[in-house]
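Student: how would this look folded up:
(2 chains)
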2 protein chains.
Amino acid sequence: MHRLKVRVVEEALDANNTIAAANRADFDRNAVRVVNFMSAPGAGKTTLLERVVHDLPGVRVGVLEGDVQGSLDAERLASMHVPVTQINTDAGFGGECHLDANMVRSALPSIPLAEIDLLIVENVGNLVCPAEFRLGEDVRVMVCAVTEGEDKPLKYPLMFRACELVIVNKVDLLPHLEFDLQRLLYNIDQVHPGVGMMSLSARTGEGVGAWRDWLRDVALREEAIA
Amino acid sequence: MHRLKVRVVEEALDANNTIAAANRADFDRNAVRVVNFMSAPGAGKTTLLERVVHDLPGVRVGVLEGDVQGSLDAERLASMHVPVTQINTDAGFGGECHLDANMVRSALPSIPLAEIDLLIVENVGNLVCPAEFRLGEDVRVMVCAVTEGEDKPLKYPLMFRACELVIVNKVDLLPHLEFDLQRLLYNIDQVHPGVGMMSLSARTGEGVGAWRDWLRDVALREEAIA
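Tutor: Numbers count the residues shown, from 1 in each chain, chains lettered A, B, ... in the order given. Prediction:
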């Protein structure tokens, strides 16, 4: 072995990244594109999925739901006849506040990879730790609700930096809030210059078309991204 | 030593609880009551503090702010001439998604315990891990905004069970949401029967009097609680 020590260190992956790479290889083998979908609790991830899962022509969608406990969101999506797999971090994973690559790996046998083109992993609602664990995804998307305030990018910058797209949700409530949307968008761009952003309302459907089109583009990409 | 082994195990505290007990002893020695104040990101904790810190007759308030990064909330409260100490979990604590007893212990020398009656610890915005770490507090309070949805108690039960009081905030937005307040209150009571609850709007001030009175009662308690 003639490797320099510094090379060895650079190539050393932590356990999570090693498992994420294995997940990724399985996704690629099945030509499945994967979205790691993150937000604070109640920002509207599940509603945003309900809005689009049956509106992606040529794209078969599967969902992997991450929750500390319960399967409320999984049931909402399963009732729409989407293949859904539930991970509870409480059972066997110590009540973790995030998904990691090993949890996703544990779920793989339950996901019909051969029958889907796009897997959306709905992470645990949390703006901190989910950003620190790669799962083997192609892209990371976060949802930030306008009800959470303009300062969230400044307080949770790692999450905003980790994502390729930031969805600003609940804009239907803007007339009822003391909230400066331009200030939020400015703050997002400050912590992650040039990141993709879209403003929409999962409830009214305003702006949801752009989210659907973005997701379809990801699903139909030929090349792996990450 | 005649202790039975089972006694030893029962009395064994984990490191966090050992340090929390030390914090608690320091708080008691200074006759300071302590509130561990928790919520998801953007639920309105800081605004709820701004509403009451100068409206508690006979109670001198101090604040310990926990954030992953930055000091935005601390600056908001410091501008109101409240003694504020900032803990950043990013610097030296690995970017943790919660406060723990050791972080609070590290901050103690910076908190003017002899000059305050009530210390409010504003935890990191997160509905999972903060509930797992005692800090040495007397009581734990959480804020749940109606914009987060009725299902949060069912998805994050540990947080709702850990608290002596659940504040339901942002009720001024109820006319603009598809939201069943009774369903939320029912779900809270399901996961934590009999827990104290109050509904209010930090923005309009509706219902804030009850929060102020509750906080003053805690501050003026003679006996330690936890």
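
Student: Name the nearest residue to residue A:30, ignoring sequence neighbours.
Tutor: Nearest-residue entry for residue A:30: residue A:113, 4.0 Å, with adjacent residues in sequence omitted and distances by C-beta to C-beta, 6 or more residues apart in numbering or on different chains. For the C-beta atoms, the positions are set from N, CA and C on the backbone; glycine is no exception.

Student: pretty sure that neighbour contacts residue A:23?
Tutor: No: Residue A:113 is beyond contact range of residue A:23, at 10.5 Å (criterion: C-beta atoms under 8 Å).

Student: Among those two, which residue is more densely surrounded?
Tutor: residue A:23 (20 against 16; other C-beta atoms under 10 Å in any protein chain shown).

Student: so what's that one up against?
Tutor: Contact partners of residue A:23, counting by C-beta atoms under 8 Å, 6 or more residues apart in numbering or on different chains, are A:101, A:104, A:105, A:108, A:135, A:136.

Student: Excluding sequence neighbours, find me the nearest residue to it.
Tutor: residue A:136 (2.9 Å).

Student: wouldn't the one you found be in contact with residue A:21 here?
Tutor: Yes: with contact defined as C-beta under 8 Å, residue A:136 and residue A:21 form a contacting pair (7.0 Å).

Student: what kind of secondary structure is the residue nearest to residue A:23 in?
Tutor: Of the three states, residue A:136 takes coil under DSSP: H, G, I helix; E, B strand; the rest coil.

Student: Around it, how many other residues sit close by?
Tutor: 24.

Student: And for residue A:158?
Tutor: 18.

Student: now what about whichever strand or helix holds it, what contacts it?
Tutor: Element membership for residue A:158, per DSSP states H and E: helix A:157-162. With contacts defined as C-beta under 8 Å, 6+ apart, helix A:157-162 is touched by A:38, A:127-128, A:130-132, A:140, A:142, A:144, A:152-153, A:166, A:188, A:191-192, A:195, B:68-69, B:95.

Student: Low-confidence regions, chain A specifically.
Tutor: Low-confidence segments of chain A (pLDDT under 70): A:1-13, A:91-92, A:223-226.

Student: So which bits of it are right by chain B?
Tutor: Taking C-beta under 8 Å from any C-beta of the partner chain as the criterion, the neighbours of chain B within chain A are A:40-42, A:67-70, A:72, A:95-97, A:124-129, A:132, A:145, A:147-149, A:151-152, A:154-158, A:170, A:172-173, A:176-178, A:203.

Student: Is the residue nearest to the spatial centre of chain A bridged to anything, and to what?
Tutor: Ranked by distance to the mean C-alpha position of chain A (C-alpha atoms, centre = their mean), the top residue is residue A:37 at 1.4 Å. Note on residue A:37: beta-bridge partners by DSSP bridges are residue A:122, residue A:141.

Student: Is it in contact with residue A:123, as I believe?
Tutor: Yes: using C-beta under 8 Å, residue A:37 makes contact with residue A:123 at a distance of 6.3 Å.

Student: Tell me where chain A has strands.
Tutor: A:33-39, A:61-67, A:84-88, A:118-122, A:139-145, A:165-169, A:196-199 (DSSP state E).

Student: ok and the longest helix along chain A relative to strand A:33-39, angle-wise?
Tutor: When secondary structure is assigned using DSSP state H, the longest helix within chain A turns out to be helix A:15-29. Here the directions of helix A:15-29 and strand A:33-39 differ by 130 degrees (axes from the mean of the first three to the mean of the last three C-alpha atoms, to 10 degrees).

Student: Helix A:15-29: how far from the chain's middle?
Tutor: 16 Å (C-alpha atoms, centre = their mean, to the nearest Å).

Student: Over to stretch A:40-58?
Tutor: With C-alpha atoms, centre = their mean, you get 11 Å for stretch A:40-58.

Student: Would you mind measuring from the nearest residue to residue A:73 once chain neighbours are set aside to residue B:206?
Tutor: Nearest non-adjacent residue to residue A:73, counting by C-beta to C-beta, 6+ apart: residue A:46, 4.4 Å away. Applying C-beta to C-beta, to the nearest Å, the value for residue A:46 to residue B:206 is 29 Å.

Student: ok so, going back, wait, what's in contact with the residue nearest to residue A:30?
Tutor: Contacts of residue A:113 by C-beta under 8 Å, 6+ apart are A:26, A:27, A:30, A:32, A:62, A:119.

Student: Filter those down to the buried ones.
Tutor: A:27, A:32, A:62, A:119 (16 or more other C-beta atoms under 10 Å in any protein chain shown).

Student: pretty sure the first one contacts residue A:34?
Tutor: Yes: the criterion here is C-beta under 8 Å, and residue A:27 meets it with residue A:34 at 5.3 Å.

Student: Give the residues shared as contacts by those two.
Tutor: A:119, A:136, A:138.
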